[in-house]
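1. Quick one: sequence and predicted model below, then my questions.
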Amino acid sequence: MMIGLAHYLVVSGALLALGLYTVASRRNAVAILMGVELILNAGILNLVAFSRFVTGSLDGQVFALFGIVLAAAEAVVALAIVLQLYRAWRSVDAAETREMKE
Amino acid sequence: MYPTYPTTSSLLTWMIFLPAVGIGLILLLLALRPALRLSQKLLDDLSRAIGLASTATVAALGVHLWRGFDGREADLQYVHHAVWMEPFNIEYFVGADGLSISMILLTAFVFLAAMIASVPWWGRLDDEHHPHFSKRRVPAYVVLFLLLETGVMGTFCAQDFFLFYVFWEVMLLPMYFLIGIWGAPPRVEPDGRVRGGPYAAIKFFLYTLAGSVLMLLALIALYYASGPAVLVNGKETAHTFNLVYLTQQARDGLFQGAAPILGVAFPKMIFLGLFLGFSIKVPMFPFHTWLPDAHVDAPTPISVILAGILLKTGVYGILRFNLQMLPDVFWWAAPAIAVFGVINIVYGAFVCLAQKDLKKLIAYSSVSHMGFCLLGAAALTHQGISGAVFQMVSHGIISPMLFLIAGVIYDRAHTREIEGFGGLATRLPEYAGITGLAFMASLGLPGLAGFVGEVLVFLGGFGAADHAFRWFVAASVPAVVITAGYYLWTMQRMFLGNFNEKWSHLWDIHWRERLTLYPLAAITVVLGFWPHPVFRLVNRSIHLLVDVALGKGI
Amino acid sequence: MKLVHLPTLFLIPLLPLLGAAWCGLVGARAQRRFGERAVHRPAVLLPWISFAFAAHAVAVLAVSGPDAVLAQRLWAWLPVGDLDADLAFQLDRLSAVMCLVVTFVGSLIHVYSIGYMHGDPGYWRFFCYLNLFLFAMLVLVLADNLLLMFVGWEGVGLCSYLLIGFWYRDREKAIAGIKAFVVNRVGDAGFALGLFLLFWGLAGTGRPVGGPPDVLESPLAGRSTAVETEEPRREAGRAASPIARPGGTAEEPHRSAEATDASPLPRTSIRFREVERILRDPARRHAFASQRWLGLSVLTLSCLLLFFGATGKSAQIPLYTWLPDAMAGPTPVSALIHAATMVTAGVYLVARLHFLFALSPTAMTVVATVGTATALFAATIGLFQYDIKKVLAYSTVSQLGFMFVAVGVGAWWVGIFHLVTHAFFKACLFLGSGSVILGCHHEQDMRRMGGLRRWMPVTAITYFLSCCAIAGFPFFSGFFSKDEILWNVFATANLRYASGGVVLWAVAAGAALCTSFYMFRSYYMTFTGDYRGATGGEVHGPEHGHGALPKESPPSITGVLVVLAALAVVGGVVGLPHLWHLPNALESWLEPVFAGSEHLVRRRDFGPAVEWGLMGLSVAIALGGFALARWLYLAARNPIPARLLESPNPVVRFVHRLIYRKYYVDEVYGRVFVDGALGASRSLASFDARVIDGLVNLCGRAGRICGDLQGWIDRRFVDGLVNRVGDAIVAGGRNLRLVQSGRIQSYVAGLVAGAIALVAITYVVPW
């Protein structure tokens, strides 16, 4: 069987859903970040797939490279914040860190 | 083309607003009191002096007006006419004709008498246990008194409907305060009801105001239904408040064609609104119940003014507006007015017979006597209307006398209960004499002023075109028997019989009281046989009113 | 009619008025400083001067010819419309007689009062009121129009009230005065209605009853171009002074005091001579007589109403009840007012209006019948009274009835004749009783008198002579007048019922019999026999100044008695009967006055034989009554009267009680009218206070309730709505705040949900 665009979209959709579910349901801040990474990767995969099967140019793949870099940078920043959060609260549980709102 | 009048003069304006000048002076004194370091007593005396000076000056101006008034003219005289609120076509228009001149003069003199009765100079006042009203808050009293005079004088002089209404309302408010503050204190009656000065004042005020509201409605409706006119500065207007124009337009039938209100013809509705408003003041049965309360609880000079003048504003309004402006509707309503007049006469007389309080008795006798005015006016004959207007004048002289007499005994004994006295004639012969004269005048003894009005009303009523009026007169004549009965019985209970030792400390009338009572008594006696001064002034105008109502004359 | 202007006419009433003013204003002080003479000297002098002027005026009248009338117009009193009531006096022959009687007898009684009222602290008040009374009575007599007469009419009523209640500390006396005034006023109400009916009846039916006036075309009234509605009807109530110059004012042709027969008839008038002129015109008379109201002719109705007024003043049925009570006043008052002058005003009225009454046989019948009935009724009451003044009071009522009988059958001059003679003998009787009362130390009950002729001879003789006069003994004055009355009644054919003359004659004769009887009864009880009264020492004590036994009164009293008794004896000479072929001065004197009405009165011609017979019967009646009284009461020797009083027979006792209690008329009137009026007044007063005022207060309370209701609605609903909106916003805000939970998961969930929603909205929904 030939692997077409649909297969890639299904995989990226599944990744998106898994990432959303992770973000929505996990309490651990690091796990939430992992979910965000999944979402990002789903988006990158989408880009590559459309670039290969729809347009034929390499714009999408270049974009994907940018995306990977951004994902990494963002992961660094977010983890830095989580680290700071851990230092203040001695916990990385999202449900307990609500003080700023109060 | 603007009409010209026989005399134009600012005399009436002076007469109306001179008391306001007095008010200004008193307010000035009050404002400068700390600066001039005036003691309360000095302030009181100065206020009284200003009050006396104002009323005396108005009375003097009244004499001048009397000398100059030409009774042969049917038009307005001493007219003062200026534009007041031009956007609304309201003018300052005052004038005197035969109908109002008698009332203007009466106002001037009765207010002077009442002012003299308000000052406690010359004589004893027993106020150890009961502070006399004339010593409380004197500047306020004089201010309100003078304001009242302005209002009343303006009411009689006004020839612009709106101006009339303004002065009519100005009359009301000072009365409320005068009765409420200087009248009797609140008391609880045996059956639990609360009565007294404030109750009477508010009853009077609201009752009369309810009537004025109707008058206001009629006024506005009339304004918008009126035709074009000219202001005194030449401006042409679409509607008018000017009574002269309104009268002419009404007689020309302008209001017959106006849209009916609530299904009733426009002129009749206007008539009804105005009549209800005025009949409360007359006071006509069944709107009379404010009068006994107001009279009993008001201080003596205020009762004098209330009975002597304020009641006449009601009849004056009926004659000036209902008869002068809407003569054909008046002709249609005359039998009903006469019936109410008869009820006033007879019912008032009977209720008098049962009274135990002297002032209430005199109040109900006022109700009875004003019924004569209604009957005489409704008869629409020359004698009837002359009788009605003369009755206004004579009652305006006699009832002040009666109330002053009631005041004499109240000032001394602090009670007005008739049964509680007895045999006073032995200690107070002069007082008994003057009371006898006043009672005789009030019951219409021929030879005194009361008779002239009554006999002319009866005679005029009998000669009305509608023979039903003969029955009205026949029904009213027996009331004179009842009147004689209650006055003589009161005389008997209070003055004759054995002397009641409880009153051995009372003293006879003194100079201040003489000063008010004797001139009134003299006028009563003179007018009985010499009514010419009144007829000379009024007959021309009022006969013309009747002629127009009957379809004759211009 | 010839009018003669007499400028002094107004002095006749004015002088007593000045006397009253003097006594009223300065009398009290003058009495304190100068004694009683400062009061009575002017007060008694002025009436005498008035009498002099009256005599002079009568003399002028006498020489002016038979149809002359003296007139004087002071000023226009009520000149309104057709009404021409002026303050004007006239003296014609009829009022001349009245005027002389009033001034003469009045002045005499003033002299009498000097002695009678001596020592009373109210001396000055008494003379003030007495002079005021003379003033009012003279205005009544001299008035030239009905309205001015009414002024005098009520004025004498006022003076009657003042004088009856003179001793006002006594409650009974004061109440008697009120009763007199009120009963008189009832009559006056009828008088007034009759006056109005007459005035307007003469004017025709008044203005036609039509619809409202047409629309009037006229310029705006800015100039005095008003046109008079009727040219000749200008009122004098204008700048022109109403004081008349002797020639009359040119502007007022109808008001001129010198209207002659040639001037045109006015539309209506209130003046006697004008009304007479109108009624003499056949066309006007017919028009007036054919008007009807209430089923009766206006003519008859006005006569009846005026007569009703006369019954009030002259104490006839049904308004006589005040007169016996009026005896509470001092005796000179009873003599002057309630015998000689005031009560005769009713007779004078009917005589004055003879031209009116003569046109209505119905009214005349009523007058005559009421007069006769009253005469007998009052006479029967007088039979059993013990108070000497009450006897005389009922006698007065009875004699007045006789006078009305006379004028009721058209014998006008006879009524006046009896008025004059009655004035003399009744005044003498009353003054004599006053003398007796004074002498017996204010005792009035005849049972406690007796044998007084021993101590009071002058009083006794004058009293006896007057009794003879009133009874009708031959050649006394009363005989001539009463006999004329009886003859005229018998011979009348003017009554509405057949053979009425005989019936009335019989009743009148019965009354005459009773008169004679009770008058002599009073004489014998008072003056003969033993003295039954308390002696002075027991009643008053020595310091009172009276002697123990009765004594004669001072000369000021007895002198007057003598004069009056003399007149009572010889007074009949002015009215000698034609039957004796002697000249009748009074009849010929009064003939020009009544000439116009004589032919309207019908009488039968019986011839001299019948007249002699009747005269004889009259004498028999008089002597019979005298004899009976003498037999029963002389010196109280006869036991029959006492036995009758204690009779066991129930019929006798019932009759006696009924008559002694005056037929209970006073009680009936009191119950029906007085209690009725008081009851009505009380119920109306409570109706006023409870129902009408209750309605007003209910309005007030309803207003307050409305206000409370509005307030409640305002608080709960209107304001509540505003509050609830506020609350809703706050609640909404509170709920919305929960969105900001601070939980990241919530935010993410929100994001996701929003994204899905957006996608759905954009792509799915438009499908």
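-> Sure, I can see it. What you are looking at is a predicted structure, and each value in this text was computed from that prediction instead of being measured.
2. helix or strand for the residue nearest to the spatial centre of chain A, which one?
-> The centroid of chain A falls nearest to A:Glu37 when counting by CA atoms, centre = their mean (2.5 Å). Of the helices and strands defined by DSSP states H and E, A:Glu37 is found in helix A:29-50.
3. just the CA coordinates of that helix, formatted as CSV?
-> The C-alpha coordinates for helix A:29-50 follow below in CSV (Å, rounded to 0.1, in the frame of the first residue of the first chain):
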residue,chain,number,x,y,z
ALA,A,29,3.9,20.9,35.1
VAL,A,30,6.7,18.9,33.2
ALA,A,31,4.2,16.5,31.9
ILE,A,32,2.2,19.5,30.6
LEU,A,33,5.2,20.6,28.8
MET,A,34,5.7,17.2,27.3
GLY,A,35,2.2,17.5,26.0
VAL,A,36,2.9,20.9,24.5
GLU,A,37,5.9,19.3,22.8
LEU,A,38,3.7,16.7,21.3
ILE,A,39,1.4,19.4,20.0
LEU,A,40,4.2,21.2,18.5
ASN,A,41,5.5,18.1,16.8
ALA,A,42,2.1,17.4,15.4
GLY,A,43,2.2,20.7,13.8
ILE,A,44,5.6,20.2,12.4
LEU,A,45,4.7,16.9,11.0
ASN,A,46,1.7,18.5,9.3
LEU,A,47,3.9,21.0,7.7
VAL,A,48,6.3,18.4,6.3
ALA,A,49,3.5,16.2,5.1
PHE,A,50,1.8,19.1,3.2
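4. quick one, strands of chain A?
-> In chain A, no strands are defined using DSSP state E.
5. Please name every helix or strand in contact with the helix or strand harbouring C:Leu586.
-> Secondary structure assignment for C:Leu586, by DSSP H and E: helix C:585-598. Helices and strands touching helix C:585-598, as assessed by 3 or more CB pairs under 8 Å, 6 or more residues apart in numbering or on different chains; DSSP states H and E, comprise helix C:93-116, helix C:354-357, helix C:412-439. Any C-beta I mention is one placed from the backbone N, CA and C, and that applies to glycine too.
6. wait, which of those is closest to chain A?
-> Chain A lies closest to helix C:354-357 among the helices and strands packed on helix C:585-598, at 116.7 Å (CB to the nearest CB).
7. from what I can see the residue nearest to the centre of chain A touches A:Ala78, true?
-> No: using CB atoms under 8 Å, A:Glu37 is not in contact with A:Ala78; the gap is 9.4 Å.
8. thinking again about what came up before, just the buried residues of the helix holding A:Glu37, please?
-> For helix A:29-50, burial by neighbour count (16 or more other CB atoms under 10 Å in any protein chain shown) applies to A:29, A:32-50.
9. Report the mean confidence score over it.
-> Averaged across helix A:29-50, pLDDT comes to 93.
10. So, low pLDDT: which residues of chain A?
-> Low-confidence regions of chain A, defined by pLDDT under 70, span residues A:97-102.
11. Can you find which helix in it contains the most residues?
-> Of all the elements of type helix in chain A, the one with the most residues (DSSP state H) is helix A:59-89.
12. That one to helix A:29-50, inter-axis angle?
-> 180 degrees (axes from the mean of the first three to the mean of the last three CA atoms, to 10 degrees).
13. and helix A:59-89, does that touch chain C?
-> No: with CB under 8 Å from any CB of the partner chain as the threshold, helix A:59-89 lies outside contact range of chain C, at a closest distance of 11.3 Å.
14. wait, what's in contact with B:Met171?
-> Going by CB atoms under 8 Å, 6 or more residues apart in numbering or on different chains, B:Met171 touches B:148, B:151-152, B:155, B:310, B:313.
15. Dump these to JSON lines, plus secondary structure, distance to chain C and pLDDT.
-> Formatted as JSON lines, those follow (DSSP: H, G, I helix; E, B strand; the rest coil; distance: CB to the nearest CB, whole Å; pLDDT from 0 to 100):
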{"residue": "B:Leu148", "secondary structure": "helix", "distance to chain C": "24", "pLDDT": "96"}
{"residue": "B:Gly151", "secondary structure": "helix", "distance to chain C": "24", "pLDDT": "95"}
{"residue": "B:Val152", "secondary structure": "helix", "distance to chain C": "25", "pLDDT": "96"}
{"residue": "B:Thr155", "secondary structure": "helix", "distance to chain C": "22", "pLDDT": "95"}
{"residue": "B:Leu310", "secondary structure": "helix", "distance to chain C": "18", "pLDDT": "94"}
{"residue": "B:Thr313", "secondary structure": "helix", "distance to chain C": "20", "pLDDT": "95"}
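16. Please identify which pair of these lies farthest apart.
-> Set against one another by CB to CB, those have their most distant pair in B:Leu148 and B:Thr313, with a gap of 11.6 Å.
17. between these two, which one's more packed in?
-> B:Leu148 (26 against 23; other CB atoms under 10 Å in any protein chain shown).
18. neighbours around the nearest residue in space to that one that is not next to it in sequence, how many?
-> The shortest distance from B:Leu148 to any residue that is not its chain neighbour, by CB to CB, 6 or more residues apart in numbering or on different chains, is 4.2 Å, and that residue is B:Pro174. Residue neighbour count, defined by other CB under 10 Å, stands at 22 for B:Pro174.
19. For B:Pro174, pull up the helix or strand it's in.
-> helix B:161-182.
20. Give me the average confidence score over that helix.
-> Average pLDDT, helix B:161-182: 93.
21. From the contact counts, what lies against the next helix or strand along the chain from that helix?
-> Sequence order places strand B:187-188 as the next helix or strand after helix B:161-182, per DSSP H and E. If contacts are counted by 3+ CB pairs under 8 Å, 6+ apart, strand B:187-188 sits against strand B:194-195.
22. and the helix or strand following the strand it packs on with chain C, contact?
-> Toward the C-terminal end, the helix or strand that comes next after strand B:194-195 (DSSP H and E) is helix B:197-225. Yes: Helix B:197-225 is in contact with chain C by CB under 8 Å from any CB, via B:203, B:206-207.
23. And the residue of chain C closest to chain A?
-> Residue nearest to chain A within chain C (CB to the nearest CB): C:Gly742, separated by 3.2 Å.
24. do you know how far that residue is from B:Trp84?
-> In this structure, C:Gly742 and B:Trp84 are 73 Å apart, going by CB to CB, to the nearest Å.
25. who has more neighbours, the two?
-> Taking neighbours as other CB under 10 Å, C:Gly742 and B:Trp84 compare with B:Trp84 leading, 17 against 14.
26. Would you check that the more buried one makes contact with B:Val166?
-> No: contact between B:Trp84 and B:Val166 fails when scored by CB under 8 Å: they sit 9.6 Å apart.
27. All the helices of the stretch 451-554 of chain B, residue numbers only.
-> Using DSSP state H, counting those that start in this stretch, the helices assigned to the stretch 451-554 of chain B run over residues B:468-476, B:478-494, B:511-529, B:532-549.
28. No further questions, thank you.
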